[in-house]
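> Mind folding the following:
(one chain, ligands or ions: 1)
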Amino acid sequence: MLLHRIEEVKSVIKDWKKEGFTVGLVPTMGALHAGHMSLIKKAKETCDKIVVSDFVNPIQFGPSEDFDKYPRTLDADVELCNKDGVDIVFAPSANEMYGEGNKLSNDVLTYVCPPFFYVNTLCGKSRTGHFDGVCTVVLKLFNIVQPDYAFFGQKDAQQVIIIKKMVSDLNVPVQIIQCPIVREESGLALSSRNKYLSEEGKKDALVLSKILNNIKSCYQKGITDVSALKETAYKFLTDKHDMEYLEIVDKNTLEDKSEADNNSIALIACRVDGVRLIDNIYLGE
Ligand code: PAF
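Residues are numbered from 1 along each chain as shown. Below you'll find the model as predicted:
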């Protein structure tokens, strides 16, 4: 069932809770692809009732980012969700979420502000305020849906770590489940932003997974020096790639390391064809 209003969702959830059903939430910005469907599948295996939120959250986009052109495919999303047995697709308007005529800024809205250490690194460095926007909307969704479980993809590894931190610091009664990255056969990590890539761009984008796989295989061969591992990336880069960052950090705390170990994660952000793409890999698994 497709619902647009917060009160409608709350009323269905209230009935479910009375019946003792467990509720799973899959927060999305729509443009659903196989990566999202894997979260929905995991949610179905774990919970009695599933809510998918489908909301392109304006407050997590910077002024020069792609909010206006972000793909919006609600009809197709609802069809996919219906096929996969999702109980509610919650697709609110920005007014519904943030109030009629409200200015979307922290001058007038309460924002959740995750810790500086977690946001002042990786994607947070170039996306000022992004994780405040993500945490704010995710906490609102948690309060509306009151899920027992919420499902997020490892693709946005920094996002999951920050959401887990918020849940722990603010005692939010939800269990966060992280699901593995889904890739095309070529190795390209699925992302709604892949829709922006030309055929040529898609080929050039393979450099992200190639760099990460190569770092992992070097690590497995015994190279642990983080600088040496990062150096291995350069042979893959051409003038078509504008690398924003490549880091190897602790997979739970995002702490920098000079030596990689089995708790390390390598993360990359790179512009290809003008499209900002991210990817990551655990070195120890
Ligand atoms: O990962 C996303 O699609 C978004 O950041 C999320 C978690 C749905 C919040 O808008």
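
> Establish whether stretch 43-62 and the ligand are in contact.
Yes - using C-beta under 6 Å from any ligand atom, stretch 43-62 comes into contact with the ligand via N57, Q60. To be clear about C-beta, it is placed using only N, CA and C from the backbone, and glycine gets the same treatment.

> For that stretch, what is the spacing between the initial and final residues?
Taking C-alpha to C-alpha, to the nearest Å, stretch 43-62 runs 30 Å from one end to the other.

> what does stretch 142-153 give?
Using C-alpha to C-alpha, the span of stretch 142-153 from its first residue to its last is 17 Å.

> residues of that stretch that come out buried?
F142, I144, V145, Q146, P147, D148, Y149, A150, F151, F152, G153 (16 or more other C-beta atoms under 10 Å).

> Out of these, which sit inside strands?
When strands are assigned by DSSP state E, the members of those inside them are Y149, A150, F151, F152, G153.

> what sits against T232?
Shown here is T232, whose contacts under the criterion C-beta atoms under 8 Å, 6 or more residues apart in numbering are I211, N214, I215, C218.

> Quick one: name the residues of the protein near the ligand.
Proximity of the chain to the ligand is assessed by C-beta under 6 Å from any ligand atom, with P27, T28, M29, N57, Q60, V134, V137, V138, D156, Q159 identified as the residues in range.

> does the nearest residue to the first one once chain neighbours are set aside have beta-bridge partners, and which?
Yep, that's P27 we're talking about. In space, and not counting its chain neighbours, P27 is closest to S53: 4.9 Å by C-beta to C-beta, 6 or more residues apart in numbering. Using DSSP bridges, the beta-bridge partners of S53 come out as P27, F90.

> Give me the neighbour count for S53.
With neighbours defined by other C-beta atoms under 10 Å, the count for S53 comes to 25.

> go on, T128?
Look at T128: counted by other C-beta under 10 Å, it has 12 neighbours.

> Quick check: phi and psi on the nearest residue in space to it that is not next to it in sequence?
In space, not counting the residues next to it along the chain, T128 is nearest to G62; the distance is 6.4 Å by C-beta to C-beta, 6+ apart. Dihedral angles phi and psi of G62 (degrees, to the nearest 10) take the values phi -80, psi 170.

> Now for G62: which residues touch it?
Contacts here follow C-beta under 8 Å, 6+ apart; on that basis G62 touches R127, T128, G129, H130.

> hang on, L277 in a strand?
Yes - with the criterion set as DSSP: H, G, I helix; E, B strand; the rest coil, the secondary structure at L277 is a strand.

> That one pairs with what?
Counting by DSSP bridges, L277 forms beta bridges with C270.

> I'd say it and R271 touch.
Yes - L277 is within contact range of R271, at 7.4 Å (criterion: C-beta atoms under 8 Å).

> what comes into contact with stretch 176-188?
The list of residues contacting stretch 176-188 from outside it, by C-beta under 8 Å, 6+ apart, reads 33-35, 38-39, 42-43, 46, 149-155, 160, 163-164, 167, 189-190, 194, 202, 205-206, 208-210, 213, 279-280.

> Make a PyMOL selection of the buried ones in these.
Per 16+ other C-beta under 10 Å, the buried members of the contacts of stretch 176-188 correspond to this PyMOL selection:
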select buried, resi 33+35+38+39+42+43+149+150+151+152+153+154+155+160+163+164+167+189+190+194+202+205+208+209+279+280
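
> Which pLDDT value goes with the residue lying closest to H33 once chain neighbours are set aside?
Of all residues not flanking H33 in the chain, L190 sits nearest, at 5.0 Å (C-beta to C-beta, 6+ apart). L190 is assigned a predicted lDDT (pLDDT) of 98.

> before we move on, what about N102?
The per-residue pLDDT reported for N102 equals 65.

> Tell me how many other residues surround D77.
A total of 21 residues lie near D77 under the criterion other C-beta under 10 Å.

> Which elements pack onto the helix or strand harbouring it?
The secondary structure element spanning D77 is helix 74-83 (assigned by DSSP states H and E). Packed against helix 74-83 by the contact rule (3 or more C-beta pairs under 8 Å, 6 or more residues apart in numbering; DSSP states H and E) you find strand 49-54, strand 88-90.
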